[in-house]
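> Any chance you can model this:
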Amino acid sequence: MTRLVDLSVVTRHTPSEATPVTVDLLDHRTGATVLGLTPQDFPDGMAISNETVTLTTHTGTHMDAPLHYGPLSGGRPAKSIDQVPLEWCVGPGVRLDLRHVPPGDGITVDDLRAALDRAGHHLRPGDLVLLWTGADALWGSAEYLAKYPGLTGDGTRFLVESGVRVIGIDAWGLDRPMQSMIEEYRRTGDRGALWPAHVYGRTREYLQLEKLANLGALPAATGFTVVCFPVAVAGAGAGWTRVVALLDKESVAGEGSGAAG
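Numbers count the residues shown, from 1 in each chain. Sure, this is the predicted structure:
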(Lines give C-alpha, C1' and ligand atoms only; values in the text may rest on other atoms or scores of the structure.)
Protein backbone atom coordinates (compact mmCIF):
# COMPACT_ATOMS: atom_id res chain seq x y z
CA MET A 1 0.00 0.00 0.00
CA THR A 2 1.31 3.46 -0.91
CA ARG A 3 0.75 6.24 1.63
CA LEU A 4 0.47 9.90 0.59
CA VAL A 5 1.87 12.69 2.78
CA ASP A 6 0.77 16.22 1.91
CA LEU A 7 3.79 18.54 2.16
CA SER A 8 1.86 21.71 1.29
CA VAL A 9 0.28 24.49 3.32
CA VAL A 10 -3.30 25.62 2.73
CA THR A 11 -3.41 28.73 0.56
CA ARG A 12 -5.19 31.39 2.59
CA HIS A 13 -4.90 34.88 4.03
CA THR A 14 -2.65 34.70 7.08
CA PRO A 15 0.00 36.79 8.89
CA SER A 16 2.51 34.27 7.51
CA GLU A 17 2.06 35.69 4.01
CA ALA A 18 3.87 38.89 3.05
CA THR A 19 1.09 39.85 0.62
CA PRO A 20 -2.69 39.65 1.06
CA VAL A 21 -4.90 36.86 -0.24
CA THR A 22 -8.51 37.67 -1.06
CA VAL A 23 -11.26 35.22 -1.93
CA ASP A 24 -14.52 36.62 -3.31
CA LEU A 25 -17.24 33.99 -3.19
CA LEU A 26 -20.06 33.62 -5.67
CA ASP A 27 -22.34 31.42 -3.59
CA HIS A 28 -24.78 28.73 -4.76
CA ARG A 29 -27.80 31.03 -4.80
CA THR A 30 -26.14 34.09 -6.36
CA GLY A 31 -24.53 31.86 -8.98
CA ALA A 32 -27.93 31.43 -10.61
CA THR A 33 -28.43 35.13 -11.21
CA VAL A 34 -25.27 35.58 -13.31
CA LEU A 35 -26.74 32.98 -15.65
CA GLY A 36 -30.01 34.90 -15.98
CA LEU A 37 -31.84 32.28 -13.89
CA THR A 38 -33.10 31.95 -10.32
CA PRO A 39 -32.07 29.48 -7.64
CA GLN A 40 -35.47 27.83 -8.00
CA ASP A 41 -34.62 26.88 -11.57
CA PHE A 42 -31.99 24.44 -10.23
CA PRO A 43 -32.40 21.17 -8.31
CA ASP A 44 -32.61 21.79 -4.55
CA GLY A 45 -32.97 25.53 -5.21
CA MET A 46 -29.23 25.97 -5.65
CA ALA A 47 -26.97 26.74 -8.61
CA ILE A 48 -23.21 26.20 -8.60
CA SER A 49 -20.62 28.33 -6.80
CA ASN A 50 -17.43 30.04 -7.91
CA GLU A 51 -14.54 31.96 -6.34
CA THR A 52 -12.37 34.84 -7.53
CA VAL A 53 -8.97 34.65 -5.83
CA THR A 54 -6.38 37.44 -5.79
CA LEU A 55 -2.84 36.44 -4.80
CA THR A 56 0.75 36.35 -6.03
CA THR A 57 2.39 33.35 -7.67
CA HIS A 58 4.59 33.12 -4.55
CA THR A 59 1.65 32.69 -2.20
CA GLY A 60 1.29 29.40 -0.38
CA THR A 61 3.37 26.37 -1.29
CA HIS A 62 4.88 27.17 -4.67
CA MET A 63 7.72 26.45 -7.07
CA ASP A 64 10.18 29.12 -8.20
CA ALA A 65 11.30 28.74 -11.80
CA PRO A 66 14.70 29.90 -13.14
CA LEU A 67 13.05 33.03 -14.59
CA HIS A 68 12.41 34.22 -11.02
CA TYR A 69 16.16 34.45 -10.38
CA GLY A 70 17.00 36.42 -13.52
CA PRO A 71 16.36 36.61 -17.28
CA LEU A 72 19.27 34.26 -18.05
CA SER A 73 20.49 31.01 -16.56
CA GLY A 74 23.85 29.72 -17.70
CA GLY A 75 23.82 32.29 -20.50
CA ARG A 76 20.52 31.04 -21.94
CA PRO A 77 16.97 32.39 -21.52
CA ALA A 78 15.70 31.29 -18.12
CA LYS A 79 12.71 28.95 -18.07
CA SER A 80 9.38 30.30 -16.88
CA ILE A 81 7.20 28.07 -14.75
CA ASP A 82 5.19 26.80 -17.73
CA GLN A 83 8.45 25.72 -19.41
CA VAL A 84 9.68 23.59 -16.50
CA PRO A 85 10.04 19.95 -17.66
CA LEU A 86 7.58 17.74 -15.80
CA GLU A 87 10.32 15.10 -15.52
CA TRP A 88 12.11 17.40 -13.07
CA CYS A 89 9.09 17.48 -10.79
CA VAL A 90 8.97 13.86 -9.67
CA GLY A 91 11.74 11.75 -8.19
CA PRO A 92 13.40 10.33 -5.07
CA GLY A 93 13.04 12.56 -2.04
CA VAL A 94 15.80 13.27 0.47
CA ARG A 95 14.87 15.02 3.72
CA LEU A 96 17.84 16.72 5.40
CA ASP A 97 17.40 17.49 9.10
CA LEU A 98 18.69 21.03 9.69
CA ARG A 99 16.53 21.93 12.65
CA HIS A 100 19.61 22.74 14.72
CA VAL A 101 20.60 25.67 12.48
CA PRO A 102 19.50 28.88 14.28
CA PRO A 103 16.97 31.23 12.67
CA GLY A 104 18.67 33.87 10.56
CA ASP A 105 21.78 31.77 10.00
CA GLY A 106 22.92 30.31 6.70
CA ILE A 107 22.77 26.59 5.94
CA THR A 108 26.31 25.81 4.82
CA VAL A 109 27.90 23.05 2.78
CA ASP A 110 29.21 21.56 6.04
CA ASP A 111 25.66 21.53 7.42
CA LEU A 112 24.43 19.75 4.30
CA ARG A 113 27.24 17.19 4.33
CA ALA A 114 26.62 16.42 8.01
CA ALA A 115 22.87 16.02 7.38
CA LEU A 116 23.58 13.68 4.47
CA ASP A 117 25.91 11.63 6.67
CA ARG A 118 23.21 11.34 9.33
CA ALA A 119 20.76 10.27 6.64
CA GLY A 120 23.23 7.72 5.29
CA HIS A 121 22.70 9.05 1.78
CA HIS A 122 24.91 10.10 -1.13
CA LEU A 123 23.26 12.55 -3.50
CA ARG A 124 22.38 11.26 -6.95
CA PRO A 125 21.21 13.13 -10.05
CA GLY A 126 17.44 13.55 -9.89
CA ASP A 127 17.18 13.62 -6.09
CA LEU A 128 14.69 16.16 -4.77
CA VAL A 129 16.17 17.62 -1.58
CA LEU A 130 13.88 18.90 1.17
CA LEU A 131 15.44 21.07 3.89
CA TRP A 132 13.77 20.39 7.24
CA THR A 133 14.15 23.46 9.46
CA GLY A 134 11.00 23.05 11.58
CA ALA A 135 9.89 26.57 10.63
CA ASP A 136 6.49 25.32 9.46
CA ALA A 137 5.52 25.11 13.15
CA LEU A 138 5.20 28.92 12.96
CA TRP A 139 2.82 28.84 9.97
CA GLY A 140 -0.15 31.10 10.73
CA SER A 141 1.91 33.64 12.69
CA ALA A 142 3.93 36.69 11.66
CA GLU A 143 7.06 35.01 13.10
CA TYR A 144 7.00 32.65 10.12
CA LEU A 145 8.17 35.50 7.89
CA ALA A 146 11.47 36.00 9.68
CA LYS A 147 12.32 33.11 12.01
CA TYR A 148 14.09 30.48 9.94
CA PRO A 149 17.55 29.66 8.55
CA GLY A 150 18.23 29.87 4.82
CA LEU A 151 20.43 28.16 2.29
CA THR A 152 23.73 29.84 1.41
CA GLY A 153 24.93 30.36 -2.14
CA ASP A 154 27.67 27.79 -1.64
CA GLY A 155 25.11 25.36 -0.23
CA THR A 156 22.96 25.86 -3.31
CA ARG A 157 25.93 25.27 -5.59
CA PHE A 158 26.84 22.08 -3.72
CA LEU A 159 23.36 20.61 -4.16
CA VAL A 160 22.85 21.66 -7.78
CA GLU A 161 26.31 20.52 -8.87
CA SER A 162 25.52 17.17 -7.23
CA GLY A 163 22.69 16.74 -9.74
CA VAL A 164 19.80 18.15 -7.68
CA ARG A 165 17.30 20.12 -9.75
CA VAL A 166 14.66 20.71 -7.05
CA ILE A 167 15.43 22.10 -3.58
CA GLY A 168 12.60 22.59 -1.11
CA ILE A 169 12.33 24.16 2.34
CA ASP A 170 9.64 24.27 5.03
CA ALA A 171 10.06 28.02 5.49
CA TRP A 172 8.93 31.28 3.91
CA GLY A 173 11.91 31.35 1.56
CA LEU A 174 15.00 29.38 0.56
CA ASP A 175 17.42 32.21 1.36
CA ARG A 176 17.79 33.64 4.84
CA PRO A 177 15.07 36.04 6.01
CA MET A 178 15.02 39.31 4.09
CA GLN A 179 15.92 41.44 7.10
CA SER A 180 18.97 39.30 7.90
CA MET A 181 20.30 39.64 4.35
CA ILE A 182 19.60 43.35 4.09
CA GLU A 183 21.23 44.07 7.45
CA GLU A 184 24.37 42.17 6.38
CA TYR A 185 24.49 44.04 3.09
CA ARG A 186 24.16 47.42 4.78
CA ARG A 187 26.85 46.48 7.30
CA THR A 188 29.36 45.08 4.82
CA GLY A 189 28.43 46.53 1.43
CA ASP A 190 28.71 43.00 0.01
CA ARG A 191 26.07 42.54 -2.70
CA GLY A 192 26.64 38.80 -2.45
CA ALA A 193 24.72 38.88 0.84
CA LEU A 194 21.47 39.51 -1.03
CA TRP A 195 19.52 36.40 -2.07
CA PRO A 196 22.62 34.26 -2.84
CA ALA A 197 20.64 31.02 -3.26
CA HIS A 198 18.31 32.64 -5.75
CA VAL A 199 21.11 34.43 -7.59
CA TYR A 200 23.01 31.16 -8.04
CA GLY A 201 20.17 30.14 -10.34
CA ARG A 202 21.58 32.59 -12.88
CA THR A 203 24.59 30.28 -13.18
CA ARG A 204 22.82 26.90 -13.32
CA GLU A 205 19.10 26.35 -13.51
CA TYR A 206 17.25 24.71 -10.65
CA LEU A 207 13.84 24.90 -9.00
CA GLN A 208 12.86 25.94 -5.48
CA LEU A 209 9.92 24.71 -3.44
CA GLU A 210 9.05 27.18 -0.71
CA LYS A 211 6.56 26.99 2.18
CA LEU A 212 6.58 23.23 2.52
CA ALA A 213 5.02 21.60 5.56
CA ASN A 214 4.79 18.29 7.42
CA LEU A 215 8.35 17.15 6.71
CA GLY A 216 8.31 15.65 10.19
CA ALA A 217 5.53 13.31 9.08
CA LEU A 218 7.95 11.49 6.80
CA PRO A 219 9.12 8.31 8.55
CA ALA A 220 12.72 8.56 7.33
CA ALA A 221 15.15 10.73 5.41
CA THR A 222 14.76 8.65 2.25
CA GLY A 223 12.50 5.93 0.87
CA PHE A 224 9.84 8.19 -0.62
CA THR A 225 9.04 9.86 -3.92
CA VAL A 226 8.24 13.56 -4.22
CA VAL A 227 5.65 14.78 -6.73
CA CYS A 228 5.51 18.55 -7.23
CA PHE A 229 3.83 19.66 -10.44
CA PRO A 230 3.37 23.46 -10.59
CA VAL A 231 0.43 25.27 -12.13
CA ALA A 232 1.60 26.38 -15.58
CA VAL A 233 1.13 30.16 -15.46
CA ALA A 234 2.31 31.43 -18.84
CA GLY A 235 5.50 33.47 -18.63
CA ALA A 236 5.55 33.54 -14.81
CA GLY A 237 8.50 33.05 -12.52
CA ALA A 238 6.62 30.83 -10.09
CA GLY A 239 3.51 28.70 -9.79
CA TRP A 240 1.38 27.27 -7.01
CA THR A 241 2.27 23.65 -6.32
CA ARG A 242 0.68 20.78 -4.42
CA VAL A 243 3.67 18.87 -3.09
CA VAL A 244 3.07 15.26 -2.06
CA ALA A 245 5.36 12.50 -0.82
CA LEU A 246 4.60 8.94 -1.91
CA LEU A 247 5.84 6.44 0.67
CA ASP A 248 6.77 3.03 -0.63
CA LYS A 249 5.67 -0.20 1.05
CA GLU A 250 8.95 -0.62 2.95
CA SER A 251 8.75 2.90 4.38
CA VAL A 252 5.17 2.47 5.50
CA ALA A 253 5.97 -0.87 7.11
CA GLY A 254 8.96 0.56 9.00
CA GLU A 255 7.36 3.85 9.94
CA GLY A 256 7.57 3.26 13.63
CA SER A 257 11.37 3.07 13.66
CA GLY A 258 12.53 5.68 11.15
CA ALA A 259 10.97 8.98 12.22
CA ALA A 260 13.18 11.71 13.68
CA GLY A 261 12.13 13.34 16.87
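
> So what touches stretch 64-76?
The contact list for stretch 64-76 (Cβ atoms under 8 Å, 6 or more residues apart in numbering) reads 58, 77-81, 83-84, 174, 198-210, 230, 235-239. (C-beta placed from N, C-alpha, C; glycine too.)

> got it, and stretch 7-27?
Contact partners of stretch 7-27, identified using Cβ under 8 Å, 6+ apart, comprise 34, 49-56, 58-61, 130, 136, 138-142, 144-145, 168, 172, 211-215, 226, 240-245.

> Now, of those residues, which are buried?
With burial judged by 16 or more other Cβ atoms under 10 Å, the buried subset of those is 55, 58-61, 130, 136, 138-139, 144-145, 168, 172, 211-213, 215, 226, 240-241, 243-245.

> In helices only, show me these.
The members of the buried ones among the contacts of stretch 7-27 all map outside helices under DSSP state H.

> quick one, what contacts the residue lying closest to residue 138 once chain neighbours are set aside?
Spatial nearest neighbour of residue 138, chain neighbours left out: residue 144 (4.1 Å); criterion: Cβ to Cβ, 6 or more residues apart in numbering. Going by Cβ under 8 Å, 6+ apart, residue 144 touches 15-16, 135, 138, 171-172.

> Now do residue 114: how many residues are near it, please.
Residue 114: 15 surrounding residues under other Cβ atoms under 10 Å.

> which other helices and strands contact the one helix or strand it maps to?
Per DSSP states H and E, residue 114 falls inside helix 109-119. Under the contact criterion of 3 or more Cβ pairs under 8 Å, 6 or more residues apart in numbering; DSSP states H and E, helix 109-119 touches strand 90-97, helix 153-160.

> Of the ones you listed, which is nearest residue 110?
Set against residue 110 and scored by Cβ to Cβ, these come closest in helix 153-160, at 9.1 Å.

> Name the residues that touch the closest one?
106-109, 111-112, 123, 129, 167, 174, 192, 196-197, 199-201, 203-204, 206.

> hmm, 6 Å instead?
Helix 153-160 is contacted by residues 107-109, 112, 129, 167, 196-197, 200, 204, 206 when judged by Cβ atoms under 6 Å, 6 or more residues apart in numbering.

> Can you tell me which of those are buried?
Among the contacts of helix 153-160, those buried by neighbour count (16+ other Cβ under 10 Å) are 107-108, 112, 129, 167, 196-197, 200, 206.
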